[in-house]
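J.: This is a predicted model, with the sequence first.
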Amino acid sequence: MGRIKVLLADGNASLVSATGEYLSRQGDIAVCARITDGAEIYPAVVEENPDVVVMGLILPRADGFSVLGQLALLPEAVRPRVIVLTGLTRDEFILRALNLRRDAVNIVSCPTCGRKML
């Protein structure tokens, strides 16, 4: 099996950069895109065909909820798995994200997500 292609997306550029640097040092992971604008996620997924999208829910121009809805429309053969990192902990936010992509979403509550990283 080849390297796992990962697309990173979050409104926090520092988080995207730090996560990208960490993942790039892993021998079995290839970071194919680093995105800080929600409107750029879907086109990048179509172009890069990642295995996994690691994303936040708070992004400029298109929030993570709308992106999850777009990704759900992709043919199953090219639909990536999604890991959502979020500081949003209210049940309705978590359930909304899960309902958009029941087949392939994992939610990771990240208490420092949304805060400026130093």
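T.: Received, thanks. Numbering: from 1, shown residues only.
J.: Show me the shaky parts of this protein.
T.: Applying pLDDT under 70 to the chain flags the ranges 1, 86-118.
J.: Residues in contact with the lengthiest helix in the chain: which ones?
T.: Across the chain, the longest stretch assigned as helix under DSSP state H is helix 13-24. Residues outside helix 13-24 that contact it (CB atoms under 8 Å, 6 or more residues apart in numbering): 6, 8-10, 29-31, 34-36, 54, 56, 85, 113, 116-117. Any C-beta I mention is one placed from the backbone N, CA and C, and that applies to glycine too.
J.: E48 contacts A9, correct?
T.: No: using CB atoms under 8 Å, E48 is not in contact with A9, being 11.4 Å away.
J.: rewinding a little: state the pair within the contacts of helix 13-24 that is farthest apart.
T.: Spanning the widest gap among the contacts of helix 13-24 are A30 and K116, at 27.9 Å by CB to CB.
J.: Look at these two and report which has more neighbours.
T.: Taking neighbours as other CB atoms under 10 Å, A30 and K116 compare with A30 leading, 16 against 8.
J.: Next secondary structure after the helix or strand encompassing the more buried one?
T.: Per DSSP states H and E, A30 falls inside strand 29-35. Next along the chain after strand 29-35, taking DSSP H and E as the criterion, comes helix 41-48.
J.: Run through the neighbouring helices and strands of that next one.
T.: strand 4-9, strand 29-35, strand 52-55, helix 64-72 (3 or more CB pairs under 8 Å, 6 or more residues apart in numbering; DSSP states H and E).
J.: Which of these sits closest to V78?
T.: helix 64-72 (9.9 Å).
J.: CA atoms of that closest one as CSV?
T.: This file holds the C-alpha atoms of helix 64-72, laid out as CSV (Å, rounded to 0.1, in the frame of the first residue of the first chain):
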residue,chain,number,x,y,z
GLY,A,64,-17.2,22.9,7.4
PHE,A,65,-20.8,21.9,7.4
SER,A,66,-21.3,23.0,3.8
VAL,A,67,-18.1,21.3,2.8
LEU,A,68,-19.2,18.0,4.4
GLY,A,69,-22.4,18.3,2.4
GLN,A,70,-20.5,18.8,-0.9
LEU,A,71,-18.2,15.9,-0.2
ALA,A,72,-21.2,13.6,0.5
